[in-house]
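J.: the following block contains a protein sequence and its predicted model.
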Amino acid sequence: MNKRNYFPQAHQLVDSDKFVVLHKNKIFVRGDNFIWNRAEISVLLGPNAELLKIDEGKGSYIAIHCKENVEGLIGGESRSLRSLLFGKSDDDFTVAGKASQILDWYNSHRFCGSCGTLTIQHESQRAVICESCKAQYFPRINPCVIMLVVRGNEILLARSARFKSGFFSCLAGFIEVGETAEDTVLREVKEEVGIEVQNIQYIKSQSWPFPSQLMLGYLAEYKSGDIVPEPGEIEEVGWYDVNNLPNVPAPGISVAGELIQLYVNHIKSMNT
């Protein structure tokens, strides 16, 4: 299949292509499998099938957008993307996450944001075009920072008031217009817990498809101030010794877990 064809037609598919099947931002799974082969979903490949290319790997990955529930056609069940975090490999989850992000972009740009005209698919790029005013719309991501604030053997962990996952994790926030990522670290920490930080160090990034974010991970040292949690944002927050942590994200799932594990390993290596 043409690598530059981001909106393939059913007749252009090959047997080595792999598929993610989506309906209303949920993903169809069978057991813990959400990567389908062509034979398994052939019934969905009619002339009106809506196909969006995800990526190239060992063959092409294609998202199939189903406007109706197709459980009765292919079996399995529809599940939220978040529920798949603890299932398949990181590579498979990356494919599913990218499929969800591409579909979210495509669904939200069916009409031109400038003049309201129906958009059409670009012939060679992952984009849609307005034939009336010639505006082009490409997928966009939302840059965020996620930061682990540290103080000697202690790390600052918080539990969100908006997400009832039960996990304690790092602070995080969206980068605002005109800010650098480091500016956002300073501002978000001050807004969310009332303290000042210093020696901000970038560690790594992660694509986070909830719904379409790029998480920039940082370590930041405590500088001054007392904890004052932001009402409505932070349910619970405190300093935790690296040897006595609450329930935190696993390092293999999120950059938050990796930041925590990195610092815990650093402290323990210094103390041995």
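T.: Now that the structure is in, tell me what you want to look at.

J.: show me what contacts the residue nearest to Lys53 when sequence neighbours are not counted?
T.: Excluding its sequence neighbours, the residue lying closest to Lys53 (C-beta to C-beta, 6 or more residues apart in numbering) is Tyr6, at 4.6 Å. C-beta: built from backbone N, CA, C; applies to glycine. Contact analysis of Tyr6 by C-beta atoms under 8 Å, 6 or more residues apart in numbering lists Leu52, Lys53, Gln121, His122, Ser124, Gln125, Arg126, Ala127.

J.: kindly reformat those residues as TSV containing secondary structure and distance to Lys268.
T.: Below are the contacts of Tyr6 laid out as TSV (DSSP: H, G, I helix; E, B strand; the rest coil; distance: C-beta to C-beta, whole Å):
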residue	secondary structure	distance to Lys268
Leu52	strand	45
Lys53	strand	45
Gln121	strand	53
His122	coil	51
Ser124	coil	52
Gln125	coil	48
Arg126	coil	44
Ala127	coil	48
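
J.: and the two most separated of the residues you listed?
T.: Leu52 and Ser124 (14.7 Å; C-beta to C-beta).

J.: which of those two has more neighbours?
T.: Taking neighbours as other C-beta atoms under 10 Å, Leu52 and Ser124 compare with Leu52 leading, 21 against 11.

J.: test my guess that the more buried one contacts Ile62.
T.: Yes: contact criterion C-beta atoms under 8 Å: Leu52 and Ile62 qualify, at 7.1 Å.

J.: adjacent strands (with direction) for the worst-scoring helix or strand of the chain on mean pLDDT?
T.: Sorted by mean pLDDT, DSSP states H and E, the helices and strands of the chain end with strand 50-57, the least confident at a mean of 84. Sheet partners assigned to strand 50-57 using DSSP bridges are listed as strand 59-65 (antiparallel).

J.: residues in contact with the helix or strand just after the strand it pairs with?
T.: Note on strand 59-65: by DSSP states H and E, the next helix or strand toward the C-terminus is helix 71-74. Outside of helix 71-74, the residues within contact range by C-beta under 8 Å, 6+ apart are Val21, Phe28, Arg30, Trp36, Glu40, Ile41, Val43, Leu44, Glu77, Ser78.

J.: next, Met15: phi, psi?
T.: You called it Met, but residue 15 is Asp. Main-chain torsions, Asp15, degrees, to the nearest 10: phi -60, psi -30.

J.: and the closest residue to it other than its chain neighbours, what does it touch?
T.: Nearest residue to Asp15, sequence neighbours excluded (C-beta to C-beta, 6+ apart): Arg38, at 5.5 Å. By C-beta under 8 Å, 6+ apart, the residues touching Arg38 are Leu13, Val14, Asp15, Asp17, Phe19, Leu45.

J.: mind putting those in TSV, secondary structure and distance to Ser83 included?
T.: As requested, the contacts of Arg38 are exported to TSV (three-state DSSP; distance: C-beta to C-beta, whole Å):
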residue	secondary structure	distance to Ser83
Leu13	coil	28
Val14	coil	31
Asp15	coil	30
Asp17	coil	25
Phe19	strand	19
Leu45	coil	26
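
J.: please consider this matter closed, and thank you.
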